[in-house]
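Q: coords please:
(one chain, ligands or ions: 1)
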Amino acid sequence: MDRAQMQERLDRLIWRVEEARIRRSEHHIVKMVAVSKYADEAQIRMLYDLGQRAFGENKVQMLQERVDLLEDLPIEWHFIGRLQKNKINHLIRANPFMMQSLDSLELAAAMQKRLAEQDVTMECLMQINSAKEETKAGVMPEEAEEIYLMIKEKCPNIDLRGVMTIGAHVEDEAMIRKSFETTYAIFDRLKGEGAEICSMGMSHDFELAIECGSNMIRIGSLLFK
Ligand SMILES: *Cc1c(COP(=O)(O)O)cnc(C)c1O
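A: So this is what the prediction gives:
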């Protein structure tokens, strides 16, 4: 992919985001994280050069490699994948701008311990399994508020900024919408607790997510595939 093609993809995407956000509200602002798991280093540099600053990776090892390879650029790195407890120290070393996939109280407690040992903090989003899919990580919707508050109370080194979800993996648009609405309703109730970020929407469902109130989308395939 050359620069002109990348520019065209980015422009088309930004235009679609713009139209979706205005359907929600003129005042609604959406941030895009470019998920670079399908991209090579040259493509990431190209997109950075076109103005994109936030990038996401779903594997700790890949994140670390890219943090190192691209350390000359002030990229804002997001970790969006499943984190095994034995990789917590690796993630802390990679030091992402934000960890979006805090998916259980157990993981939060384990992270709290490691973060406190190293006297550092990490901005995180709590992941919600909004369609209750067995294959997906995240806290169940009915426990989400309680767990969010417990993490806030018990984990002072975790700076909780909001919630994240992956839309239902089905064809039926009504079901995908429902998973986003479920997540937004939880986010809305947590605003009083300081939640500011509702991260939902990927390449195939970001417009729907934005219409349901998402203010952070994570786009991979549409940019890089
Ligand atoms: C890969 C991935 C994305 C991006 O998915 P696309 O469909 O390629 O846009 C977003 N969020 C998470 C958690 C991912 O793993």
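Q: going forward, measure contacts between C-alpha atoms and count neighbours the same way
A: Will do.
Q: mind listing what the residue nearest the centre of the chain touches?
A: The centre of the chain sits closest to Q100, judged by C-alpha atoms, centre = their mean, with a distance of 4.6 Å. Residues in contact with Q100 (C-alpha atoms under 8 Å, 6 or more residues apart in numbering) are 78-81, 124-127, 163-164.
Q: out of the residues you listed, list just those in strands.
A: 78-79, 124-127, 163-164 (DSSP state E).
Q: can you list contacts of stretch 77-95?
A: Residues from elsewhere that reach stretch 77-95, judged by C-alpha under 8 Å, 6+ apart: 33, 54-61, 63-64, 67, 96-103, 107, 110-111, 114-115, 122, 137.
Q: pull the distance from that stretch to the chain's centre.
A: Averaging C-alpha positions (C-alpha atoms, centre = their mean, to the nearest Å) puts stretch 77-95 13 Å from its chain's average.
Q: let me know the distance separating the closest residue to P74 other than its chain neighbours from the ligand.
A: Closest residue to P74 apart from its sequence neighbours, by C-alpha to C-alpha, 6 or more residues apart in numbering: R53 at 7.6 Å. Separation of R53 from the ligand (C-alpha to the nearest ligand atom, to the nearest Å): 16 Å.
Q: per-residue pLDDT, R53?
A: Looking at R53, its pLDDT reads 98.
Q: tell me the contacts of it?
A: R53 sits next to 74-76 when contact means C-alpha under 8 Å, 6+ apart.
Q: so can I have CSV of those residues showing neighbour count and secondary structure?
A: Shown next, in CSV, are the contacts of R53 (neighbours: other C-alpha atoms under 10 Å; DSSP: H, G, I helix; E, B strand; the rest coil):
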residue, neighbour count, secondary structure
P74, 11, coil
I75, 19, coil
E76, 15, strand
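Q: of these, which ones also sit close to the ligand?
A: Checking the contacts of R53 against the ligand by C-alpha under 6 Å from any ligand atom, not one of them is in range.
Q: and for the residue nearest to K136 when sequence neighbours are not counted, the neighbour number?
A: Leaving aside its chain neighbours, K136 sits nearest to N129 (6.4 Å; criterion: C-alpha to C-alpha, 6+ apart). Look at N129: counted by other C-alpha atoms under 10 Å, it has 25 neighbours.
Q: now swap in E106 and tell me
A: Counted by other C-alpha under 10 Å, the residues lying close to E106 total 12.
Q: gap between it and the ligand?
A: 19 Å.
Q: need phi/psi at that residue.
A: E106 adopts backbone torsions of phi -60, psi -50, taken as degrees, to the nearest 10.
Q: so what touches stretch 129-137?
A: Contacts for stretch 129-137 (C-alpha under 8 Å, 6+ apart): 82, 103, 127-128, 138-141, 165-168, 178-180, 182-183.
Q: tell me which of these fall in helices.
A: 141, 178-180, 182-183 (DSSP state H).
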